[in-house]
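Enquirer: what's the 3D shape of this:
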Amino acid sequence: MALDLQQQEELEEVKRIWHKWLKWVVLLLVMIALITIIVSAYRNFRSYQNTRATDELISFQQKLEEKQESIALKQVAALQKNYPHTLPAGIATASLGTLAFYRGRTEDALRHYQWVYDHEKNAFLQGIAATDLAKIKMQQGQFQEALKLLQKPPTKEVRFLFEDLKGDIYKSMGDNTKAVAAYERALKALPKESAVIRKSDLEEIASQIEAKKILHLPCL
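Expert: Below is the predicted model of the structure:
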């Protein structure tokens, strides 16, 4: 669906705001993912598959850091083939999706995120994949498809991301009333301060959502 000039401008503004506080979202998600990995590893330390998959994930991360992307791609392919429903396979594939997305390779990003969404059993990571897919759908102007992906968050940890992204989508559709309502739900769903995320981080995230909400309050 083609976008008119006004809609394109709206999308560009959404992306600008999203990138402004992306580092805080990434911080939250990485920390939660790390805890999830630790808990999963502890619960499944006797599982040969999980142990092998975790080893492959660590090696994959090292290859990315060393800029050996061709080897890293082969490792992800092996993870998907041999350990498709393990958390390490989902994390590695999601990492490739994010790398592709920020390099402008949208179709590759969609393929990676869709794989995670279809195969990942971990509710948190599946929820993150849903938001990743929805962001791309939104940028492509496929608003209803994006909203469909965000109908029900699989875990409370990602609810604020679902609602915040819904707000961005409604804003891009020109429905400021629904956008503001979604931003308000996002604020209410923010996680509590903990060892994982600091109060200052939460305040930064909240201020960015508040800014979007206030900017697009419906006219009375």
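
Enquirer: Point out where the chain drops to low pLDDT.
Expert: 1-49, 195-196, 216-220 (pLDDT under 70).

Enquirer: host element of the residue nearest the centre of it?
Expert: With distances taken as C-alpha atoms, centre = their mean, I128 lies nearest the centre of the chain, 3.8 Å away. With secondary structure defined by DSSP states H and E, I128 is part of helix 123-139.

Enquirer: contacting residues around that helix?
Expert: Applying C-beta atoms under 8 Å, 6 or more residues apart in numbering, the contact partners of helix 123-139 are 11, 14-15, 18, 29, 32-33, 36, 87, 90-91, 94, 97-98, 101, 106, 109-110, 113-114, 116-117, 120, 143, 145-147, 149-150, 153-155, 157-158, 161-162, 165, 168-169, 172. To be clear about C-beta, it is placed using only N, CA and C from the backbone, and glycine gets the same treatment.

Enquirer: and after that helix, which helix or strand comes next?
Expert: helix 143-149.

Enquirer: Now that following helix - C-alpha only, CSV.
Expert: The C-alpha trace of helix 143-149 is given here as CSV (Å, rounded to 0.1, in the frame of the first residue of the first chain):
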residue,chain,number,x,y,z
PHE,A,143,-0.8,-1.0,9.5
GLN,A,144,-3.5,-3.6,10.0
GLU,A,145,-1.0,-6.5,9.7
ALA,A,146,1.2,-4.7,12.2
LEU,A,147,-1.6,-4.3,14.7
LYS,A,148,-2.6,-7.9,14.3
LEU,A,149,0.9,-9.0,15.5
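
Enquirer: List the buried residues for that helix?
Expert: Across helix 143-149, burial judged by 16 or more other C-beta atoms under 10 Å covers F143, A146, L147, L149.

Enquirer: pretty sure the third one contacts I169?
Expert: Yes. Taking contact to mean C-beta atoms under 8 Å, the distance of 5.9 Å between L147 and I169 places them in contact.

Enquirer: picking that back up, now which of the contacts of helix 123-139 would you call buried?
Expert: 11, 14, 18, 29, 32-33, 36, 87, 90-91, 94, 97-98, 101, 109-110, 113-114, 116-117, 120, 143, 146-147, 149-150, 153-154, 157-158, 161-162, 165, 168-169, 172.

Enquirer: Who are the contact partners of Y83?
Expert: Y83 neighbours (C-beta under 8 Å, 6+ apart): Q49, N50, R52, A53, E56, A89.

Enquirer: Alright, that wraps it up for me.
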